[in-house]
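K.L.:
Quick one: sequence and predicted model below, then my questions.
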There are 2 protein chains.
Amino acid sequence: MARHIGALLGLLVFSTVAQAGDTGLLRQVDAYRLAHEPQIIGQLDELTRIRSIAADRAGLAAAAERLVTALRERGFHARLLTLRPGVPPLVFGELDSPGARRTVVFYAHYDGQPVTPSQWSSDPFGPVMRSAPLSSGGRQIDWRTARPPFDPEWRLFGRAAADDKASIVAFLAAFDALRAAHRPPSVNIKVAWEGEEEAGSPHLEEILRTQRGLLRSDLWLIGDAPVHQSGKAMLYFGARGLVGLEMTLYGPVTALHDGHYGNWAPNPAAMAATLISQMRAPDGHILIPGLADHVRPLTAAERQAIHDLPPVDRQLERQFGIGRPEAAEGLASSLMRPALNIRGISSGHVAAAAANAIPTDAEVSIDFRLVPDQTPEEVRAAVESFLRSKGYTLVTREPGEPTRLAHARIARLQWEAGYPALRSDMSTPAARAVVSAASFAAGAPVAVLPMMGGSVPIYLFSDIFEVPVIGLPIVNYDDNQHAANENLRLQNLWDGIRTYAAMMAALTW
Amino acid sequence: MARHIGALLGLLVFSTVAQAGDTGLLRQVDAYRLAHEPQIIGQLDELTRIRSIAADRAGLAAAAERLVTALRERGFHARLLTLRPGVPPLVFGELDSPGARRTVVFYAHYDGQPVTPSQWSSDPFGPVMRSAPLSSGGRQIDWRTARPPFDPEWRLFGRAAADDKASIVAFLAAFDALRAAHRPPSVNIKVAWEGEEEAGSPHLEEILRTQRGLLRSDLWLIGDAPVHQSGKAMLYFGARGLVGLEMTLYGPVTALHDGHYGNWAPNPAAMAATLISQMRAPDGHILIPGLADHVRPLTAAERQAIHDLPPVDRQLERQFGIGRPEAAEGLASSLMRPALNIRGISSGHVAAAAANAIPTDAEVSIDFRLVPDQTPEEVRAAVESFLRSKGYTLVTREPGEPTRLAHARIARLQWEAGYPALRSDMSTPAARAVVSAASFAAGAPVAVLPMMGGSVPIYLFSDIFEVPVIGLPIVNYDDNQHAANENLRLQNLWDGIRTYAAMMAALTW
């Protein structure tokens, strides 16, 4: 049955590749790009130089202003949607196309992850072109004096160059290419470029609800995240949710000589280990009762889509030095489950700093990845109920002496706000049209991921606007996203321009 | 039966208090001390100013020279036993007493723990007198201009002031008091003051074996460790052994986004938690098969001695903010067991530094406390066999890529050398004589601990010389030993002088 549906989906994609647009469109887009490679790279270089990170309010403001200008230069009605001073604005633009029946919002974010410049091989905000990844010995290239067309394996290094400024530049270049070819968009276009995504989108919901009318559309396309690890073009129909937890367990108020007090004074590192082993099986399955009560099963079509993804497990095992994965089910399937990740644990001292002492506390940092229909509130309730069942008294602040003496075991919990997952219907007309247009641009059926393993709060678009929400990644998966030496591979930008052009000029349903 | 033996021991102690020495001795020692308090404190002050810590070779040499001089000033044949350049010398002294049949070696160490001056309230090597512990608001006192006798609750703060320079000063002052009273020692005296105890005594065995003839005696008295937490005078008949282990577990070679790779890429923090929970029960009992195969049971007399210790658990629970101890058996009993202490664990990042990533590795720092007749070698073999049974491949160096890919789970183990425990016979004539003399000095039966929970390599004295080895602590238990603001309470020094005088002048068997 699953295979049958998969085959149908495959047929559907193949049959619509030709219909989605004429190949003349792609030739025109490629020709435009070939004639303008230095200008397009120049746009990405210019945007990357703007320090639009959370720590730099002026940089965020400058990037937003630059983007409004870029949209206005292209005939968009564009402005900044500012909730209140201090909150980075949403860059909004709209352009109606005569005769178009559908409206599409193109989402991306213009803010980048924080940087630790000492970990970078070059200035995060002084973009550098290299011939290859650093790990492959990429040498620096002066692309301004190089003769185009550029080697598509070149990569531009800089914070946010890939995540998401490349998507913004691909959108602009695709628009320019269509205009140069005198091809009007097939849909009305709206733009929503956020400035707080890497800070957890704390004001996105408020902005979206406040501007509900302005942002009304038939489809949201999310220009975030990388393509599939196989390098193949991909669409995603959802993302896991997220909720973070900092948990502190307590031992003695001062570090005690374990020779004189061990086996008697509680060891918080050992307590943490016991709890973790009770919460999470070695294969990653979560053992906390009730936490998975509202996990919605995958549909047959979703299982089939997972099954049809290009195989990448062996390649990734080699790349990451993994002798044996945690679970035997394969990477793609394992990401469809809820997850409890230990992102850090710290107690006492290790190695040269180790002392023969019982630590005073243990800090455990956890992030939960949620799947539909889990909610952060339910996860929180299940975890707290579990901890109480293990004899823990829960507090939210550092416990004082009376609290410590009154309770056998104390856990301090600090929850992050979190948000739920989204896994949207892959069978809507809009979904079929996007798969078709993307496959047309890629020249082959694209990979379809029912839900990304990573988390972005795209449930909001679905919740508030009740229209399809589809992820449209274009950047290389090995882009060092969120790490030092973030980079964009040029071929991904070139392919991305085709994809965006198809979404603007070949999308109909 | 146990209670019967305990009652017999009690009777024995009481009946010998009077026999051990005449109370005139103690009056003379007290009178000498009362007349010389500034001089005695001056000696401790002077010794504490010498920076005899492992990081300061010149300080260690200066302390050793000063002590040889102090012994020679008192008529001892004294010299430095130097193994080779770069190894801190053992300070050796001997003084025969006409007619004495027994020879006693007084051991202590003149080196102190490393210091982190920023954590101290005063210069670790610029001793400061305070009226009380810092936690009780002790105010600074200029003891040089104060009028003796000093308040015995005063404390002298400085590195090694308590651990062990107080024992050395008590020995010297007791000797001076006896000489002033024209009382010849009842035993031949030898002195062995070590300079590497806080560094793990790496050369002690070699020195002892090399100087086996010179150090021959009938008894070793160990002037190290604090008195019982009740404040009561105490002797100990052994100490647990020790072996340390740094264990590193491996995840992916670079930190991976857990949204995209969690539940698939192994999480080393979770692996560490699982292993710890499999190695150690929540009450501290060790679950590693074979590790306790050679644990020698306590004798009835040892159990009785534990039972007879003054109760301190409630007081310590309040002091350390402990709501419920790990084990219900009580502190003293829990220290008679082998222990697996997690002294530290570190993986990924927590709190503000937390990132939603799978850490690359987890470091777990463990110290095992050994009891007779466990050996470090057996502990090591049991741990390694256990880890292999859990599917781990064991390595001693950072694994390279081929190693990582070839094995499902890898643990890097770095073992410290370690040493075994000692629990010596409490019923030998020498043991009875020491209990009797100490009780005489204290004016009441002293507490008798079959084995300290902490570790000192006193098994060496027993192994090499095959004579009784008894611990003779004098310093306050709340001396911040091994931590910042180490301090000595004056009353403990005054009591210690009485105890040392009794060991020199009232010890016969």
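P.N.:
Great, that's in hand. Every value quoted in this text rests on a predicted model; they were computed, and no experiment measured them. Numbering: from 1, shown residues only, chains lettered A, B, ... in the order given.

K.L.:
tell me the phi and psi of the closest residue to chain B within the stretch 401-509 of chain A?
P.N.:
Closest residue of the stretch 401-509 of chain A to chain B, Cβ to the nearest Cβ: A:G454 (3.1 Å). (C-beta placed from N, C-alpha, C; glycine too.) With angles defined as degrees, to the nearest 10, A:G454 sits at phi -70, psi 170.

K.L.:
Just the element for the residue nearest to it when sequence neighbours are not counted, please.
P.N.:
Among residues not flanking A:G454 along the chain, B:G259 sits closest, at 3.1 Å (Cβ to Cβ, 6 or more residues apart in numbering or on different chains). Using DSSP states H and E, B:G259 maps to helix B:258-261.

K.L.:
thinking again about what came up before, residue contacts, the residue nearest to A:G454?
P.N.:
Counting by Cβ atoms under 8 Å, 6 or more residues apart in numbering or on different chains, B:G259 touches A:240, A:242, A:335, A:369, A:452-455, B:356.

K.L.:
got it, and A:L219?
P.N.:
Contacts of A:L219 (Cβ under 8 Å, 6+ apart): A:102-105, A:430, A:434, A:467-470.

K.L.:
Now do it, the pLDDT please.
P.N.:
On pLDDT, A:L219 comes in at 98.

K.L.:
can you pull up the bridge partners for it?
P.N.:
A:V104 (DSSP bridges).

K.L.:
any idea how far it is from A:P420?
P.N.:
21 Å (Cβ to Cβ, to the nearest Å).

K.L.:
Same question for A:S439.
P.N.:
Note on A:S439: its distance to A:P420, by Cβ to Cβ, is 30 Å.

K.L.:
Over to A:S455?
P.N.:
Using Cβ to Cβ, A:S455 is found at 10 Å from A:P420.

K.L.:
Could you check the pLDDT of the residue nearest to A:G454?
P.N.:
What the model reports for B:G259 is a pLDDT of 93.

K.L.:
Then the one 10 residues further on?
P.N.:
Looking at B:A269, its pLDDT is 98.

K.L.:
got it, and the one 3 residues further on?
P.N.:
Per-residue confidence (pLDDT) for B:A272: 98.

K.L.:
host element of it?
P.N.:
Using DSSP H and E, the element containing B:A272 is helix B:268-279.

K.L.:
measure the residue nearest to A:L214 when sequence neighbours are not counted to B:E317 for me?
P.N.:
Distances taken as Cβ to Cβ, 6+ apart put A:F92 closest to A:L214, at 6.7 Å, once the chain neighbours are dropped. A:F92 is 62 Å from B:E317, where distance means Cβ to Cβ.

K.L.:
what about these two, which has more around it?
P.N.:
Neighbour tally, A:F92 and B:E317, criterion other Cβ atoms under 10 Å in any protein chain shown: the higher count belongs to A:F92, 23 against 19.

K.L.:
residue contacts, the more buried one?
P.N.:
The contact partners of A:F92, taken as Cβ under 8 Å, 6+ apart, are A:78-81, A:190-192, A:211, A:214-215.

K.L.:
how near is it to chain B?
P.N.:
As judged by Cβ to the nearest Cβ, to the nearest Å, A:F92 and chain B stand 28 Å apart.

K.L.:
Skip ahead from the helix or strand of chain A with the lowest mean pLDDT and say which helix or strand is next.
P.N.:
Lowest mean confidence among the helices and strands of chain A (mean pLDDT, DSSP states H and E): helix A:2-20, at a mean of 44. Moving toward the C-terminus from helix A:2-20, the next helix or strand (DSSP H and E) is helix A:23-35.

K.L.:
and that next one, average pLDDT?
P.N.:
pLDDT averaged over helix A:23-35 gives 95.

K.L.:
pretty sure A:A281 is touching A:E326, no?
P.N.:
No - A:A281 is beyond contact range of A:E326, at 9.2 Å (criterion: Cβ atoms under 8 Å).

K.L.:
And these two? Which one has more around it.
P.N.:
Taking other Cβ under 10 Å, A:A281 and A:E326 do not tie; A:E326 has more neighbours (24 against 15).

K.L.:
Hmm, A:D283 and the more buried one touching each other?
P.N.:
Yes - contact criterion Cβ under 8 Å: A:E326 and A:D283 qualify, at 5.4 Å.

K.L.:
tell me, what's touching these two both at once?
P.N.:
With Cβ under 8 Å, 6+ apart as the test, A:E326 and A:D283 both reach B:N263.

K.L.:
how about low-confidence regions in chain A?
P.N.:
Along chain A, segments meeting pLDDT under 70 span A:1-21.

K.L.:
if you set the cut-off to 80 instead, what comes out?
P.N.:
A:1-23 (pLDDT under 80).

K.L.:
Now do the host helix or strand of A:R343 against strand B:339-348, angle only.
P.N.:
Assigned by DSSP H and E, A:R343 belongs to strand A:339-348. If you take axes from the mean of the first three to the mean of the last three Cα atoms, to 10 degrees, strand A:339-348 sits at 120 degrees to strand B:339-348.

K.L.:
Tally up the residues packed near A:A239, please.
P.N.:
By the criterion of other Cβ under 10 Å, A:A239 has 30 neighbours.

K.L.:
Contact partners for it?
P.N.:
Counted by Cβ under 8 Å, 6+ apart, A:A239 has contacts A:421-422, A:451-452, A:454-456, A:458-459, A:471.

K.L.:
at 7 Å what do you get?
P.N.:
A:421-422, A:451-452, A:454-456, A:458 (Cβ atoms under 7 Å, 6 or more residues apart in numbering or on different chains).

K.L.:
Excluding residues flanking it in the chain, which one is nearest it?
P.N.:
Nearest one to A:A239, counting by Cβ to Cβ, 6+ apart, is A:M452 at 4.3 Å.

K.L.:
before we move on, what about A:A501?
P.N.:
Closest to A:A501 by Cβ to Cβ, 6+ apart is A:A174, at 4.0 Å.
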